[in-house]
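Participant: okay, predicted coordinates and the sequence, questions at the end:
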Amino acid sequence: MISHRAVFRSAIYYAVALMLLSNHCFASQPELPNFVVIFIDDMGYNDIGPFGVEGIKTPNLDRMAAEGMKFTDFQVSSAVCSASRAALLTGCYHTRVGITGAIMPERKIGLHPDEMTIAELCKQKGYATACFGKWHLGHFPQFMPNRQGFDQYFGLPYSNDMWPYQPKPKDPNSKIHSHNFPPLPLYENEKVINADVKAEDQAQLTTQCTERAVKFIEDNKEKPFFLYVPHSMVHVPLYVSDKFKGKSERGIYGDVVMEIDWSVGQIVDTLKKNGLSENTLVVFTSDNGPWLNYGDHAGLAHPLREGKGTMFEGGCRVPTLMQWPNVIPAGSTCDQMVSSIDLFPTIADRISAKLPDKKIDGIDILPVLKDPKAKLERKYFFHYYGGGKLHAVRDQRWKLHFPHQYRTIGDSAGGKDGIPVKYKYLNCEMALYDLENDIGETTDVSKDHPDVVSRLKKAADICRAELGDGHTGQKGEGVRLPGKAD
């Protein structure tokens, strides 16, 4: 017979084995990481400390670069508001999802509800989600953040200059700032909490979005979250709270950048205080380059060519930092071409979420986050602008511009005190630039490298079949329609 003691001993062994097995299984399940994306409006490549700014102190961004990775060749899909945001949130070229340019208040379109956003992607895994800042992907109810995967929203439905109070030029015949905009509303979720935003309200936006971001982190520290902070600044008109007014050597523009830096510090410090830093990817980037014709109210893109509204590097290469302890090596620099459209698939892979059935264009860049010299899958990147027109195609080294018209202020210093100068419009002929040795796109080397031109042209032809080209009227088989309001 088996003794009671033997039975008891066997039961103890079984219980211990079960506990060890349970612990092993639990340990094998990786903790879901948090994601924070801070998206600045119209910030230039040369506007923060890690990218060589002068006259503006950005200690929190400097610290973020020291503790994370600096990206010197981070590309956005288009050098304009709505298009760039659509690309970031869907992992697609903006042309694929039918969003081009900046959606004006009178337009009845938006990001189609059938498109999957990063927020909806994260929702598959039970994430808390929030958007605090500028939306600009359609202001009708079906297009707003709470209908696109975000649990919480606070901010402006579109750009902060789309309001009735833009400064007027002295010339009564000038058409600058002559658009007849309706009052600018401020939203809390789906409710308008201020139907007519004024200057004093704009001065508090950065602070209010930051306070909400901090509270959101603290409220959700026990569960995974995706926090999207698309600040309205540094887009004109510029406004800053009293705590940073007059603090920089670069006037109000510098003051606004310093307040953005403060905001980053508040968010990063909150993650650290709550023990979340080690498990959180923080991304800091911009929707496009600086709005150069605003002069002293705009940023700089040195040493890049042009700025917002062009697909030269000054318009589409933006200052970008990422921080993720134990994944991203501290103080590292990535010189490889990566893009905002890559965040979607990178997040999807990390949390094992199902990608949408519809095609996306981004690639998983986790290998580069771990090792900036890791090989990526992407061969080419395509630059569309203005009504689905293909302006350029590039690989890691070479960039081929196709004939197109572009805007420039030339040698002008730009406007003053919030009044822009007029752009000149010039024609860009077909030109090949060696970005490895000519980051400023100054010298056409197409005659010296006909093989490179031929290869990039072939890549562009394949892209046109998929995404079309407004220059030729070619329709792309892979282009989807935006959402339309009744």
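Facilitator: Perfect, I can see it now. Numbers count the residues shown, from 1 in each chain.
Participant: can I see the domain layout of this structure?
Facilitator: If you go by automatic domain parsing, the domain ranges for the chain are 34-373, 382-484.
Participant: mean confidence score for the shortest one?
Facilitator: If you average the pLDDT over domain 382-484, you get 97.
Participant: on that earlier part again, with mean neighbour count as extra columns, can I get the domains of the chain in JSON lines?
Facilitator: Where you see a C-beta, it was placed from the backbone N, CA and C, and this is true even at glycine. Putting these into JSON lines (neighbours: other C-beta atoms under 10 Å) gives the following:
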{"stretch": "domain 34-373", "mean neighbour count": "21"}
{"stretch": "domain 382-484", "mean neighbour count": "17"}
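Participant: quick one: the strands in the stretch 1-150 of the chain?
Facilitator: Under the criterion DSSP state E, counting those that start in this stretch, strands of the stretch 1-150 of the chain are mapped to 34-40, 69-71, 74-75, 109-110, 128-132.
Participant: name the helices or strands packed onto the following helix or strand past the last one?
Facilitator: Next in sequence after strand 128-132, counting helices and strands by DSSP states H and E, comes strand 152-155. The elements that strand 152-155 packs onto, with contact taken as 3 or more C-beta pairs under 8 Å, 6 or more residues apart in numbering; DSSP states H and E, are strand 128-132, strand 186-188, helix 205-219.
Participant: looking at those, spot the one closest to residue 410.
Facilitator: Evaluated with C-beta to C-beta, the helices and strands packed on strand 152-155 place helix 205-219 nearest to residue 410, the distance being 32.2 Å.
Participant: CA atoms only for the closest one, dumped as CSV, please.
Facilitator: Only the C-alpha atoms of helix 205-219 are listed here, as CSV (Å, rounded to 0.1, in the frame of the first residue of the first chain):
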residue,chain,number,x,y,z
LEU,A,205,-2.4,74.6,-25.7
THR,A,206,1.0,73.1,-25.2
THR,A,207,0.6,73.1,-21.4
GLN,A,208,-2.9,71.7,-21.5
CYS,A,209,-1.9,68.9,-23.9
THR,A,210,1.1,68.1,-21.7
GLU,A,211,-0.9,68.0,-18.5
ARG,A,212,-3.4,65.6,-20.1
ALA,A,213,-0.6,63.4,-21.4
VAL,A,214,0.9,63.2,-17.9
LYS,A,215,-2.4,62.3,-16.3
PHE,A,216,-3.1,59.7,-19.0
ILE,A,217,0.2,58.0,-18.3
GLU,A,218,-0.5,58.0,-14.5
ASP,A,219,-4.0,56.8,-15.0
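Participant: give me the contact list for that helix.
Facilitator: Helix 205-219 is contacted from outside by 128, 130, 132-133, 152, 154-156, 160, 225, 227, 229, 231-233, 239-241, 243, 256, 259-260, 262-263, 266-267, 270-271, 274, 276, using C-beta atoms under 8 Å, 6 or more residues apart in numbering.
Participant: swap the cut-off to 7 Å and go again
Facilitator: With contact meaning C-beta atoms under 7 Å, 6 or more residues apart in numbering, helix 205-219 is reached by 130, 132-133, 152, 154-155, 227, 229, 231-233, 241, 259-260, 263, 266-267, 270-271, 274.
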